[in-house]
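> please work out how this folds:
(chains A and B)
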There are 2 protein chains.
Amino acid sequence: MPEFFNVLPPDKARELLLSRLTAVLPPETIPTEEALERVTAPPIYAPHALPAFRRSTMDGYAVRAADTYGASGSLPAFLQVIGEVPMGKPAAVELQTGQAALVHTGGMIPETADAVVQVEHTQTIINHQSSILTPPFEIEVMKAVAVGQNVLQVGEDVAESAEILPAGHWLRPQDLGGLLALGITEVAVSRRPRVAILATGDEVVPPSQWAGPGQIRDINSYTTAGLVRQAGGVPVLGGIIPDDFEALQTAARNALESTDMLVMSAGSSVSMRDMTVQVIERLGQPGVLLHGVATRPGKPTIVGAVGTKPVIGLPGNPVSAMVQFDMFGVPAIYHLQGMATMPRRGLVWARLRQNIASESGREDYIPARLEDGDEGLTAVPVFGKSNLIYTLVNADGLIKVPLNKAGLLAGEQVEVRLF
Amino acid sequence: MPEFFNVLPPDKARELLLSRLTAVLPPETIPTEEALERVTAPPIYAPHALPAFRRSTMDGYAVRAADTYGASGSLPAFLQVIGEVPMGKPAAVELQTGQAALVHTGGMIPETADAVVQVEHTQTIINHQSSILTPPFEIEVMKAVAVGQNVLQVGEDVAESAEILPAGHWLRPQDLGGLLALGITEVAVSRRPRVAILATGDEVVPPSQWAGPGQIRDINSYTTAGLVRQAGGVPVLGGIIPDDFEALQTAARNALESTDMLVMSAGSSVSMRDMTVQVIERLGQPGVLLHGVATRPGKPTIVGAVGTKPVIGLPGNPVSAMVQFDMFGVPAIYHLQGMATMPRRGLVWARLRQNIASESGREDYIPARLEDGDEGLTAVPVFGKSNLIYTLVNADGLIKVPLNKAGLLAGEQVEVRLF
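Numbers count the residues shown, from 1 in each chain, chains lettered A, B, ... in the order given. Model (predicted):
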């Protein structure tokens, strides 16, 4: 007998699951260099201002701006260059009225200067053959500068003690740069969630094995593992469990004990789904939160929790399994790392090649191939039963048909979620 | 003196670079399980059809379709269930006219059957209390099925010998699934490109070191390394080289010998840029291909090649360096792996919060923060000098102002490239 389906729309279902996952994994401290795509634990504050000293943004001359006021090509200001600020050294030069110091891009500005004149707006009075000028020498300034011009002020990038990254921030290359610029060479990040993955089914054999009549190779363990890795988790493959309640119960309990999340590729038959539901119920409270999500593919998905650990029973069909794991498993993995929202996913807009029928009250995800053309991007639906993994291999992304729409029309601009 | 700028628009500049990179790195064979986000070397063909046998897509009964023709709720067809096909086993049952076999989703279809009736469209004649039925028993079929209905045919997912993945394909989770479904447990992928990264500048110190007056910490090595990793390359950090021609020349030659690509964070001053140009010219042919790209930030980028190895001199400013490396270095890394086009990057559309001025004839990239609101996504430009890494830390992506536009207006829908 088919079990009672407690079917929710996907957004509500995801909210329900995430609301049960109150715990964030404990942090660990790692070198900032190795923290790419990890998630910050506590917020991080600037230990000092950046830049820590006033820097020139141009090759040119540090000056007192007032000495250049009114200067122009026809009426240049004459200044005496009395020294050079070497790169990487303090600006030891002290300027009096009418004096300037040679500075390079990124170099420190002398305390007595308040602006930089670009070298392009000056002329040296003696026509040097060499491009290397050794002070003292004189220059003509052909353009006035304002106070602060071509100067990075102390703290202009970030102020001392400012919060530079909030908790739960997914670290990108520029974030590592921002931390290292301040000398923050270690960072506390959430531990990577360990995700146990069990395959079930008497018909399922490992990929390395010959699949005889009636047998198929396990692929859901590996597609799930790939999605786990991409979300920052560590997949822990538990192998293939036979269609036996005790065996599945034992394997599930052991797997969950040593990990932070459990995924069971629940098989496709009603009896396998029933068995998965019972296994989850016996693992602990709250158990099954819902079975069934108002989407296609993927309706018979089981979403639950044991304590604050998410437990997900995926449909056996590979397309459903991937789409559903992406819908529930991936947000749960980010959530366990302390992220309030997921990193934004790539979306592209494309013109739909042909009509797509759907049912109102159900969210449909249609695999689609993207084609570049003279008139922009075209989305070509890849129709295929959800049993067919090559439907997703041949697709570049998924077109979402919203809950309240009965389909999409050829020629419409549709959003394709890269997958 | 500023050198002669050979400035190209970014697309032309990228084309010029990629046209010089004729070599693809040699392949290596690795376990398919570990091939996520690697790139296929030769095309891959299916060793056998998938599925390899006819499978049921439903829980129900394998039948001869003709036996159900005309069946309806008021006039059901009576069939004798003579056996069950166990999961994972050959379908040994042989059906005569009027006979059926119990099958489960994913189970094999007996040779003598040609369709499956869903269990929901049948009734067992004796009202069993248990949901486990043991043949023989009789059923009423209340809905006719056509030949092939609810049956996956042999090769419906992929035909024997079909090309399943082309050369130069970036492997996603579903691709690994597709390979493993066919028992392909090892795959030849392009070797990961090794990318040498040198920082230059007398003012630059390692991030772990105290930065005194006039000094700054190296961050370009690490932001570049992050982008290299995300593109599938292996960053090889060569440390900080002083502003000395011989030192830079020696370091560059050594770095390029043991790697596939060289990136020098060239410093910001004109003299440093000149030095980088000379170093690249002496490394070998063709040398510098162009210096200067018509973009902001990033104009003073040096793009070159030595043999078929790309060599890039980045501006010293961290924002320019990242944007430019993303524009030239990242495509080059994919290209070295044998990809004709890059994986599609995430783009989102958002309403621009305020006007952006630009110059026609130059492509501008404006860092922007994305804000979700009732009216959809808003892009808020993060203005900041290109010296300020926190401009990118505080941004979610880049707004592109096209070459031929003099700016963008508040309220316009703009494309934001996630970064």
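> going forward, measure contacts and count neighbours with C-alpha atoms only.
Noted.
> check whether the helix or strand harbouring A:G177 comes near chain B.
Using DSSP states H and E, A:G177 sits in helix A:173-181. Yes: judged by C-alpha under 8 Å from any C-alpha of the partner chain, helix A:173-181 and chain B are in contact via A:P173, A:Q174, A:D175, A:L176, A:G177, A:G178, A:L180, A:A181.
> can you check the pLDDT for the closest residue to chain B within the stretch 151-300 of chain A?
When scored by C-alpha to the nearest C-alpha, the stretch 151-300 of chain A has A:E203 as its residue closest to chain B, at 3.4 Å. Note for A:E203: predicted pLDDT of 92.
> what kind of secondary structure is A:P300 in?
What DSSP: H, G, I helix; E, B strand; the rest coil gives for A:P300 is coil.
> of the residues of helix A:173-181 next to chain B, buried ones?
Buried by 16 or more other C-alpha atoms under 10 Å in any protein chain shown: A:P173, A:Q174, A:D175, A:L176, A:G177, A:G178, A:L180, A:A181, out of those.
> now for the first one: which residues touch it?
Listed by C-alpha atoms under 8 Å, 6 or more residues apart in numbering or on different chains, the contact partners of A:P173 are A:L36, B:Y222, B:T223, B:T224, B:A225, B:G226, B:L227.
> want to throw these into JSON lines with pLDDT and neighbour count?
Output for the contacts of A:P173, formatted as JSON lines (pLDDT from 0 to 100; neighbours: other C-alpha atoms under 10 Å in any protein chain shown):
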{"residue": "A:L36", "pLDDT": "97", "neighbour count": "21"}
{"residue": "B:Y222", "pLDDT": "98", "neighbour count": "26"}
{"residue": "B:T223", "pLDDT": "97", "neighbour count": "26"}
{"residue": "B:T224", "pLDDT": "98", "neighbour count": "29"}
{"residue": "B:A225", "pLDDT": "98", "neighbour count": "23"}
{"residue": "B:G226", "pLDDT": "97", "neighbour count": "26"}
{"residue": "B:L227", "pLDDT": "97", "neighbour count": "23"}
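> max pairwise distance over these: which two?
Within the contacts of A:P173, two members stand farthest from each other by C-alpha to C-alpha: A:L36 and B:T224, at 11.7 Å.
> on the pLDDT front, check the residue lying closest to A:T122 once chain neighbours are set aside for me.
Among residues not flanking A:T122 along the chain, A:V141 sits closest, at 4.6 Å (C-alpha to C-alpha, 6 or more residues apart in numbering or on different chains). A:V141 is assigned a predicted lDDT (pLDDT) of 97.
> distance of A:V141 from A:T112?
Distance, A:V141 to A:T112, by C-alpha to C-alpha, to the nearest Å: 18 Å.
> those two: who's more crowded?
It is A:V141, of A:V141 and A:T112, that has more neighbours when counted by other C-alpha atoms under 10 Å in any protein chain shown, with 27 against 17.
> okay, and the beta partners of the more buried one?
A:V141 has these beta-bridge partners by DSSP bridges: A:A77, A:T122.
> give the contact list for it.
The contact partners of A:V141, taken as C-alpha under 8 Å, 6+ apart, are A:T68, A:A71, A:S72, A:G73, A:P76, A:A77, A:F78, A:L79, A:V117, A:H121, A:T122, A:Q123.
> what about the third one, which helix or strand?
So that's A:S72. Using DSSP H and E, A:S72 falls outside every helix and strand.
> three-state assignment of the nearest residue to A:A410 once chain neighbours are set aside?
The shortest distance from A:A410 to any non-neighbouring residue, by C-alpha to C-alpha, 6+ apart, is to A:Q354 (4.2 Å). With three-state DSSP as the basis, A:Q354 sits in coil.
> and for A:G88?
coil.
> what distance do you get for it to chain B?
With distances taken as C-alpha to the nearest C-alpha, to the nearest Å, A:G88 is found 3 Å from chain B.
> and what of A:A62?
According to C-alpha to the nearest C-alpha, A:A62 and chain B sit 14 Å apart.
> mind listing the helices for the stretch 201-350 of chain A?
Assigned by DSSP state H, counting those that start in this stretch, the helices in the stretch 201-350 of chain A fall at A:220-230, A:245-257, A:270-283, A:318-324, A:330-336.
> check which helices and strands the longest one sits against.
Pointing back at helix A:270-283 there. Helices and strands touching helix A:270-283, by 3 or more C-alpha pairs under 8 Å, 6 or more residues apart in numbering or on different chains; DSSP states H and E, are helix A:245-257, strand A:286-291, strand A:302-306, strand A:309-314.
> how about the residues of the stretch 251-400 of chain A that lie near chain B?
Proximity of the stretch 251-400 of chain A to chain B (C-alpha under 8 Å from any C-alpha) is limited to residues A:268-270, A:322, A:344-348, A:387-393.
> put the buried members of the residues you listed into a PyMOL selection.
Buried members of these, defined by 16+ other C-alpha under 10 Å, are picked up in PyMOL with:
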select buried, chain A and resi 268+269+270+322+346+347+348+387+388+389+390+391+392+393
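> between the residues of the stretch 251-400 of chain A next to chain B, which is nearest chain B?
Closest approach between those and chain B, by C-alpha to the nearest C-alpha: A:G346, at 3.4 Å.
> didn't the closest one look like it was pressed against B:P343?
No: using C-alpha atoms under 8 Å, A:G346 is not in contact with B:P343, being 11.0 Å away.
> thinking again about what came up before, return the member of the helices and strands packed on helix A:270-283 having the minimum mean pLDDT.
The lowest average pLDDT among those, as it happens, falls on strand A:286-291, at a mean of 91.
> leaving aside the residues next to it on the chain, what's closest to A:A52?
Per C-alpha to C-alpha, 6+ apart, closest to A:A52 is A:V154, 5.4 Å.
> what sits against that neighbour?
By C-alpha under 8 Å, 6+ apart, the contact list for A:V154 reads A:A49, A:L50, A:P51, A:A52, A:F53, A:R54.
> and the closest residue in space to A:E359 that isn't next to it in sequence, how many neighbours does it have?
Spatially, and ignoring its direct neighbours in sequence, A:E359 is nearest to A:A406 (4.9 Å; C-alpha to C-alpha, 6+ apart). Here the number of neighbours of A:A406 (other C-alpha under 10 Å) works out to 17.
> worst-scoring helix or strand of chain A, pLDDT-wise?
The helix or strand of chain A with the poorest confidence is strand A:295-296; it has a mean of 81 (mean pLDDT, DSSP states H and E).
> you'd agree A:L17 is in a helix?
Yes: per three-state DSSP, A:L17 lies within a helix segment.
> picking that back up, export the helices of the stretch 201-350 of chain A to JSON lines and tack on distance to A:V158?
Converted to JSON lines, the helices of the stretch 201-350 of chain A look like this (distance: least, C-alpha to C-alpha, whole Å):
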{"stretch": "helix A:220-230", "distance to A:V158": "31"}
{"stretch": "helix A:245-257", "distance to A:V158": "44"}
{"stretch": "helix A:270-283", "distance to A:V158": "49"}
{"stretch": "helix A:318-324", "distance to A:V158": "41"}
{"stretch": "helix A:330-336", "distance to A:V158": "28"}
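> for the residues of the stretch 251-400 of chain A next to chain B, which two are the farthest from each other?
Of all pairs in these, the most separated under C-alpha to C-alpha is A:V270 and A:V348 at 36.8 Å.
> from A:A188, how far out is A:L165?
Counting by C-alpha to C-alpha - A:L165 and A:A188 are separated by 12 Å.
> now do the shared contacts for these two.
When contacts are counted by C-alpha under 8 Å, 6+ apart, A:L165 and A:A188 are jointly contacted by A:T40.
> show me the shaky parts of chain A.
Residue ranges of chain A with pLDDT under 70: A:1-6, A:126-132, A:267-268.
> what's the residue closest to the geometric middle of it?
Closest residue to the average C-alpha location of chain A: A:P343 at 4.1 Å, with C-alpha atoms, centre = their mean.
> that one contacts A:R172, correct?
No: applying C-alpha under 8 Å, one finds A:P343 not in contact with A:R172, separated by 10.4 Å.
> could you pick out the residues of the stretch 1-150 of chain A near chain B for me?
Residues of the stretch 1-150 of chain A found near chain B (C-alpha under 8 Å from any C-alpha) are A:1, A:33, A:36, A:52-53, A:55, A:57-59, A:87-91, A:104-108, A:131.
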